[in-house]
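Enquirer: can't give you the sequence, but here's the structure:
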């Protein structure tokens with residue numbers, strides 16, 4: 001029977017080094033794969049040719065056969081197959097080409113090439129062959145149909161270990177390539193699907209696109225998936241230690257020379273962690289690259305392998321290693337831990353470094369910018385403000401790092417008009433977001449709306465003066481070092497409705513600072529350790545810029561530590577201790593409000609700069625409050641303010657609630673905007689009932705019959 005030409009495979013009969021541009025070693029082994037595929041197709045025609053129905057055109061592939069029968073034939077016809085290779089003219093010619101020695105040019109292979117990888121990893125010929133089998137689809141997209149024919153499965157067009165074993169003359173040698181710790185696998189040169197288990201022989205072999213490009217065409221430009229990191233000048237405080245630590249990792253000291261070395265670089269958000277890492281690597285003769293922002297975590301292995309082939313260090317932002325399944329913030333380990341490469345991981349928390357694996361070096365901590373350094377960066381970012389006192393104030397208020405300062409300067413430069421001080425403050429506060437842990441509060445009241453005794457009024461004025469003078473005292477008078485650039489904390493205590501929240505809003509309005517109310521339902525968590533994590537995120541974000549944190553019902557968080565009787569007491573005390581420590585380091589203004597001052601831990605009171613007692617207002621203050629809470633445009637001429645102020649000892653919050661209730665009940669459709677004494681008296685009675693506060697009919701004077709009628713109606 002006449003067989004059609006069994007040639008649907010690339011025809012590398014003549015070996016021409018570099019003819020297609022591939023690295024010579026890669027070309028040699030790819031030639032080995034295609035020759036063996038051609039020879040296998042010849043045999044399959046011999047084995048399956050009798051099953052073909054009708055005429056088959058030249059160049060067609062052998063037909064598919066029964067898979068169970070074909071599996072038996074692998075053993076049954078092994079001797080026949082060898083005899084066919086020895087006697088068939090085409091197969092014998094292909095065998096002679098397969099047996100040709102490698103040309104001498106293969107001894108010279110540039111870094112990152114197929115030959116360099118084979119020499120570095122000491123790959124045996126069979127291992128080089130397996131790598132070439134996996135590489136074939138990268139160089140020839142038409143090989144899929146030939147692979148499917150050889151595997152006798154039309155749905156399988158990707159190479160496998162089983163295919164490599166079938167093509168190799170000594171199938172037993174493929175057993176070494178099944179080891180999961182094999183250099184081809186642990187270095188990321190060849191990948192198998194996740195979860196292949198015992199089915200590795202039938203699992204698809206592949207070489208990632210970045211890795212294939214480097215193996216075949218080494219020494220080219222940096223692929224778009226990798227971005228160079230430009231070094232910066234190392235901070236003097238860490239230069240010696242940082243360079244020495246990287247040198248230790250690069251030289252392999254400490255037993256890490258044959259494995260990945262992971263160096264955590266810890267610093268504040270916006271700090272040039274990548275650039276500092278690159279500077280350390282540059283001092284040790286290494287360039288540093290980082291993954292492009294568009295890359296996902298599942299593409300990280302090929303990025304690391306490509307960087308190893310090119311001889312680069314890699315910087316990975318911690319966000320790229322985020323563990324989406326972790327309860328709370330967490331990171332996963334770096335893939336390919338057996339790859340001998342230096343990896344910097346940028347982190348903002350030291351605790352996260354413990355989750356990076358067992359190849360972790362002692363972390364490198366990048367110090368935050370000092371006040372003088374911040375001024376210098378602000379001077380370059382906003383040159384129009386360089387000669388004003390504003391720059392020093394901005395440098396203290398906004399403790400940002402390089403990236404944030406540069407971004408704000410670029411935004412202001414893009415305005416179509418000269419920037420103003422208000423523009424600068426607005427741009428600096430644009431990214432301030434405390435998430436669900438705190439809600440921004442828009443101040444509604446100024447200091448003139450507060451009805452407080454003279455002593456408390458002076459205390460509020462002192463808080464405002466202190467905040468306005470904080471920059472001068474810290475940096476001109478020299479208290480910044482002793483107090484760690486600390487801010488201020490104040491306690492507002494007093495009965496409900498006495499104006500504590502109102503005073504916080506008035507201070508925020510006077511200082512032009514954003515005010516955030518802490519949401520205790522989001523901060524406090526029943527799971528051990530979660531409350532501290534929430535507090536850390538809250539204070540870390542708030543520390544970046546001047547703002548006011550308002551802790552309403554502060555006794556819920558700042559309660560007294562108790563004697564430890566069980567585990568719950570122990571962890572509750574830990575929460576309070578952590579809060580004490582963070583309060584002392586907080587650089588803004590913290591205001592605590594409570595009506596249960598005695599329940600606060602004494603250690604908190606020591607850390608407070610101001611303690612303001614908000615008493616119940618006297619008759620004179622109540623009179624002012626009654627008059628001030630009447631809405632504009634509402635006729636209150638019928639109200640006896642003197643009577644209301646003297647007879648009802650209520651706090652300002654309750655008076656405001658009474659007026660609001662009276663307005664709600666008086667604003668019927670078409671009714672004039674008028675408040676009357678009966679409406680106010682009924683609202684007063686409702687408020688007393690809500691507070692469960694006793695009152696007598698005599699207290700209501702001439703309006704007692706109205707109240708009596710209300711009580712009788714119940």
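Expert: Noted; the coordinates are in hand. Just so we're clear, the structure is a prediction, and the values are computed from it rather than from any experiment.
Enquirer: C-alpha from now on. contacts and neighbour counts both.
Expert: Fine.
Enquirer: would you map the helices across the stretch 351-500 of the chain?
Expert: Secondary structure of the stretch 351-500 of the chain (DSSP state H, counting those that start in this stretch): helices at 371-381, 390-397, 402-413, 421-428, 454-471, 500-511.
Enquirer: I'd assumed residue 303 was in a helix, is it?
Expert: Yes. Assessed by DSSP: H, G, I helix; E, B strand; the rest coil, residue 303 belongs to a helix.
Enquirer: just to revisit the earlier point, deepest of the helices of the stretch 351-500 of the chain, which one?
Expert: helix 500-511 (a mean of 22; mean count of other CA atoms under 10 Å).
Enquirer: following element in sequence after that helix, please.
Expert: strand 515-518 (DSSP states H and E).
Enquirer: any chance you could list what contacts the strand or helix carrying residue 656?
Expert: Assigned by DSSP H and E, residue 656 falls within helix 652-666. Contact partners of helix 652-666, identified using CA atoms under 8 Å, 6 or more residues apart in numbering, comprise 496-499, 617, 622, 625-626, 629-630, 673-675, 679-680, 682-684, 687.
Enquirer: change it to 7 Å
Expert: 497-499, 625-626, 629-630, 675, 679-680, 683-684, 687 (CA atoms under 7 Å, 6 or more residues apart in numbering).
Enquirer: narrow the residues you listed to just the buried residues.
Expert: The neighbour count (16 or more other CA atoms under 10 Å) marks 497-499, 625-626, 629-630, 675, 679-680, 683-684, 687 as buried among those.
Enquirer: could you export those residues as JSON lines, including distance to residue 459 and secondary structure?
Expert: JSON lines is the format used below for these (distance: CA to CA, whole Å; DSSP: H, G, I helix; E, B strand; the rest coil):
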{"residue": "497", "distance to residue 459": "19", "secondary structure": "coil"}
{"residue": "498", "distance to residue 459": "15", "secondary structure": "coil"}
{"residue": "499", "distance to residue 459": "14", "secondary structure": "coil"}
{"residue": "625", "distance to residue 459": "20", "secondary structure": "helix"}
{"residue": "626", "distance to residue 459": "24", "secondary structure": "helix"}
{"residue": "629", "distance to residue 459": "24", "secondary structure": "coil"}
{"residue": "630", "distance to residue 459": "27", "secondary structure": "coil"}
{"residue": "675", "distance to residue 459": "36", "secondary structure": "coil"}
{"residue": "679", "distance to residue 459": "37", "secondary structure": "helix"}
{"residue": "680", "distance to residue 459": "34", "secondary structure": "helix"}
{"residue": "683", "distance to residue 459": "34", "secondary structure": "helix"}
{"residue": "684", "distance to residue 459": "32", "secondary structure": "helix"}
{"residue": "687", "distance to residue 459": "31", "secondary structure": "helix"}
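Enquirer: could you dump those to a markdown table with pLDDT and distance to residue 332?
Expert: Formatted as a markdown table, those follow (pLDDT from 0 to 100; distance: CA to CA, whole Å):
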| residue | pLDDT | distance to residue 332 |
| --- | --- | --- |
| 497 | 87 | 49 |
| 498 | 88 | 51 |
| 499 | 89 | 49 |
| 625 | 90 | 58 |
| 626 | 91 | 61 |
| 629 | 89 | 57 |
| 630 | 91 | 59 |
| 675 | 91 | 65 |
| 679 | 90 | 65 |
| 680 | 91 | 63 |
| 683 | 90 | 60 |
| 684 | 90 | 61 |
| 687 | 88 | 56 |
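Enquirer: buried set for the helix holding residue 656?
Expert: Buried, per 16+ other CA under 10 Å, within helix 652-666: 652-663, 666.
Enquirer: now swap in stretch 624-642 and tell me
Expert: In stretch 624-642, counting by 16+ other CA under 10 Å, buried: 624, 625, 626, 629, 630, 636, 639, 641.
Enquirer: and which of those residues is nearest to residue 593?
Expert: Residue 593 lies nearest to residue 625 out of these, by CA to CA, at 20.8 Å.
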